[in-house]
Each structure stands twice: as structure tokens, then as C-alpha cells.
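>>> Quick check, what structure comes out for this input:
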Amino acid sequence: MKQELLTYLEGFITESRKERFLDVISRRTNHFTLAMEDVFQMHNTSAVVRTCEVFGVQQAHIVEERFGKRLDAKIAMGAQKWVDIFRYEDTQSCLQSLRSKGYQIVATSPHKEAFSLETFDISKKSVFFFGTEKDGLSQEVLSTADTFLTIPMVGFTESLNISVSAAIILQQLTSRLRSSQVDWRLSEEEKTDILIAWMKKSIRNIDYIMQRYKGAS
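A predicted model of the protein is given here:
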């Protein structure tokens, strides 16, 4: 049924648009994902979602326990249309959800036993957790993390902006991932679901078009 719907929707987009979708989806991954824990500045959350989209990370997870919704469409520049965003009311539910999907919890922190970008094991499904701008990750994440990841710094400043950190980590690790033998690509079912969602967001009068499809089914 999903494949039939996908074929139906393809009739409402141009061939060049379809080819673009297929090219982008072929580079997407759920092997790595990213989670933000109570980021205060809305532009930081939005910039990180944009970073996920740029580097082919299909999912982003946002804990909004303390500061409410933290996504600005103007800063994300449309990236929120192409990335699957999951929102959580608290850190525990986020951690539980990601563990149930087989992800190891990776705390991004200047931890003395942390892995570097060069030594991190890319073979494991991983979610990279980022904390608030001032206080960093909560003790809940730090105490339950499976491992730690750090960005080596040699200056006087001890930390980077969250959006900069996310960009460095995702660029480095997705680059390593795509040149490895790890099976990082989406499954055919995942591709179909995502392509349907993308097309629905791209087609005008989609509600009417879907009504016609359901009426003909």
C-alpha cells in the first residue's frame, strides 16, 4: 500500500524533483542521530536541526522540559521539513525511547575518559547528546551515558557553541561512516516512509489529492 501511494504521489512532482529526492534519500542515515537537552536559545536548536539535514542525519530529538518549544523555522531555513523531529517533555522519556531503538547514549562532554572524533567507534548506532548552553548536560544523561565524546581544543576557551559542536561532530563522523564498511543506509521501508512525507510537504493541495487517492482506493 505504501509503495502504491508513493507511485501515486510521484505523479504530482516533476521528474527533476523526484531525482533530487532519490539522490538525497540515498545519503540519509539513522545510524547516527542527535539529541538536545533543554537548549535555551531557540536559534541554537534550529541551527542544529539545519546541521542534521546538511550532513544527512535524518532524525533529531529535542527535550523541551524547561524552556518549551525551541525551534525557529527561519533559522532552520526549511530543514525541519526534511528531518524527522521528535519532541520529549523530559530527559528520561527521550533516553528510554532511544535505547529501545538500539542506540548507545553518547554524552558530548570534556570528559577525561572521552573518545576523540578519530577514535570513536562508528560501528555502533549512536545518539549524541548535547546540553544547555551554560550548564551542559544533566547529571541524568552523564550518569547513564554508555560513552563520552569530546572535541579537542587547544585555546583558552573551554567550550564551543552547541551548533558549532554539532556541526564538527556530525561532519567528521558521518564522513568516516560513509567511507566505512558499516551498513549505515536507510532500509527500503524507511526510505518509502520518508519519501511519502517529503512529497506530501512538497505538493500543493495535498489534502484534496489525498482525498482523491483514498476515494479511488
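>>> What is the longest helix seen in the chain packed up against?
For the chain, the helix reaching the highest residue count under DSSP state H is reported as helix 162-178. Judged by 3 or more C-beta pairs under 8 Å, 6 or more residues apart in numbering; DSSP states H and E, helix 162-178 is in contact with strand 32-37, helix 42-54, strand 126-130. Just so you know, the C-beta spots here come from the backbone N, C-alpha and C atoms, and that holds for glycine as well.
>>> what helices or strands is the longest one leaning on?
What that stands for is helix 42-54. Helix 42-54 packs on strand 32-37, strand 59-63, helix 73-76, helix 79-82, helix 162-178, going by 3+ C-beta pairs under 8 Å, 6+ apart.
>>> Now do stretch 181-189: everything it contacts.
Stretch 181-189 is contacted by residues 2, 25-26, 28-32, 58, 122-123, 177-178, 194 when judged by C-beta atoms under 8 Å, 6 or more residues apart in numbering.
>>> Off-centre distance for that stretch?
Computed by C-alpha atoms, centre = their mean, to the nearest Å, the chain-centroid distance of stretch 181-189 equals 15 Å.
>>> list the buried ones in that stretch?
Val182, Trp184, Arg185, Leu186 (16 or more other C-beta atoms under 10 Å).
>>> any idea how far Ser163 is from Phe156?
21 Å (C-beta to C-beta, to the nearest Å).
>>> of the two, who's got more company?
Ser163 (22 against 5; other C-beta atoms under 10 Å).
>>> mind showing which ranges of the chain have poor pLDDT?
For the chain, residues meeting the criterion pLDDT under 70 lie at 40-42, 65-78, 112, 133-134, 217.
>>> Mind doing that once more with 80?
Scanning the chain for pLDDT under 80 picks out 38-44, 65-79, 110-112, 132-135, 154, 156-159, 216-217.
>>> Narrow the contacts of stretch 181-189 to those that are buried.
Here, 16+ other C-beta under 10 Å leaves Ile25, Arg28, Thr29, Asn30, His31, Phe32, Gln58, Ile122, Leu177, Ile194 buried among these.
>>> Those residues: which two are farthest apart?
Ile122 and Ile194 (22.2 Å; C-beta to C-beta).
>>> Buried residues, the strand or helix carrying Asp193. List them.
Element membership for Asp193 (DSSP states H and E) is helix 188-202. Of the residues in helix 188-202, those buried by neighbour count under the rule 16+ other C-beta under 10 Å are Glu190, Lys191, Thr192, Ile194, Leu195, Ile196, Trp198, Met199.
>>> Right, I'll leave it there.
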